[in-house]
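Engineer: have a look at this prediction, sequence included:
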Amino acid sequence: MAHPDAYFRRLSRHFGPQYWWPGRSRWEVMVGAILTQNTAWRNVELAIAELRRRHLLSRAAMLAAPVAELRAAIRSAGFQRQKARYLQALAAWVQEHHGGKLTRLFRQPTAIVRKELLALPGIGPETADSILLYAGGHASFVVDAYTVRLLSRHGEAAAQGPGDGYAAIQSWVAAGLGQDVGRLQEMHALIVATGKEFCRKSAPRCTRCPLEPLLPPAAVMLRHQPFASREA
Ligand code: SF4
């Protein structure tokens, strides 16, 4: 078992600053958090560019637009029928419950904002925490599939909890990195970078990975074998 800070330092040294999440405004980050569900980031970039080109990126424009036009604009991100509905529901909720002001929304305590977001259609824990952490500046770590896979392979107890261990991983990271929003933002981005480059689903590249020294002994012995076969 290693301290979260050990992961952070090794990954920071290897990858450097990630400057994540890209977005020109907090609302754009929120839109991206919904559009990125079940698709690659490149597709989200295309959808956001198309929303911008059609002048549909603001909350007011999104609410006023015919839903067919909104769907057409975000087609590249997939699931456009559902995502258009989620975006309009989120925009309407900000207008109706927070006077159209994101400052008003995000100045509430983290637990309240999280609960409100989770009550909206299409927003689960990962999307809610992405919005909290990157749009709202709240210390709410994002646990995605990359995080679960990486920590499970490293035998970290937080990832072995009941269910998907979401809350346990959040607590483990918070206990190690504290409430420093900048570090939590960076930690998530670094884990994503690791997942893409090294900690792949079926063929992890442990021998080249900066986290290889943090693997538990049993995993080190097996590191040349695909993890999928070990888990079977
Ligand atoms: S690739 Fe190997 S060393 Fe790197 S994070 Fe994944 S399991 Fe750990």
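Structural biologist: Looks like it came in fine. Fair warning: this is a prediction, and the values are worked out from it, not measured in the lab.

Engineer: give me the low-pLDDT residue ranges for the chain?
Structural biologist: When the per-residue scores of the chain are filtered using pLDDT under 70, the ranges that remain are 159-164, 219-232.

Engineer: can you show me the helices along it?
Structural biologist: In the chain, the segments counted as helices under DSSP state H are 4-15, 26-35, 41-53, 59-64, 67-73, 80-98, 102-106, 110-118, 125-130, 145-153, 166-177, 181-197, 217-221, 227-231.

Engineer: how big is the angle separating the first one from helix 145-153?
Structural biologist: Just to be clear, that refers to helix 4-15. Using axes from the mean of the first three to the mean of the last three Cα atoms, to 10 degrees, the inter-axis angle of helix 4-15 relative to helix 145-153 is 120 degrees.

Engineer: what's helix 4-15 in contact with?
Structural biologist: Contact with helix 4-15 is made by 172-173, 175-177, 183, 186-187, 190-191, 193-194, 210-211, 213-214, as judged by Cβ atoms under 8 Å, 6 or more residues apart in numbering. Heads up, the C-betas are built off the backbone N, CA and C, glycines and all.

Engineer: in a markdown table: the helices of the chain, plus mean neighbour count and distance to P204.
Structural biologist: Output for the helices of the chain, formatted as a markdown table (neighbours: other Cβ atoms under 10 Å; distance: least, Cβ to Cβ, whole Å):
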| stretch | mean neighbour count | distance to P204 |
| --- | --- | --- |
| helix 4-15 | 17 | 15 |
| helix 26-35 | 22 | 27 |
| helix 41-53 | 17 | 21 |
| helix 59-64 | 16 | 40 |
| helix 67-73 | 17 | 37 |
| helix 80-98 | 18 | 31 |
| helix 102-106 | 16 | 37 |
| helix 110-118 | 16 | 32 |
| helix 125-130 | 22 | 22 |
| helix 145-153 | 20 | 7 |
| helix 166-177 | 19 | 19 |
| helix 181-197 | 20 | 9 |
| helix 217-221 | 12 | 10 |
| helix 227-231 | 12 | 6 |
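
Engineer: tell me which of those helices sits nearest to the ligand.
Structural biologist: Smallest distance to the ligand across the helices of the chain (Cβ to the nearest ligand atom): 3.8 Å, for helix 145-153.

Engineer: right, and C206 touches T194 too?
Structural biologist: No - using Cβ atoms under 8 Å as the test, C206 is too far from T194 to be in contact (11.0 Å).

Engineer: so what touches stretch 28-47?
Structural biologist: Counting by Cβ under 8 Å, 6+ apart, stretch 28-47 makes contact with 21-23, 48, 51, 57, 73-79, 83, 86-87, 90, 122-123, 127, 130-131, 134-135, all of which sit outside it.

Engineer: chain center to that stretch, what's the gap?
Structural biologist: Here stretch 28-47 is found 11 Å from its chain centre; the criterion is Cα atoms, centre = their mean, to the nearest Å.

Engineer: now stretch 11-27
Structural biologist: Taking the mean C-alpha point of stretch 11-27 and that of its whole chain, the gap between them comes to 12 Å (Cα atoms, centre = their mean).

Engineer: for this structure, which residues are neighbours of the ligand?
Structural biologist: Taking Cβ under 6 Å from any ligand atom, the part of the chain that reaches the ligand is made up of 150, 153-154, 194, 198-199, 204-206, 209, 211-212, 215.

Engineer: just flag the most distant two among those.
Structural biologist: Pairwise distances across the residues of the chain next to the ligand peak at 14.7 Å for H154 and R205 (criterion: Cβ to Cβ).

Engineer: the more surrounded of these two?
Structural biologist: It is H154, of H154 and R205, that has more neighbours when counted by other Cβ atoms under 10 Å, with 17 against 13.
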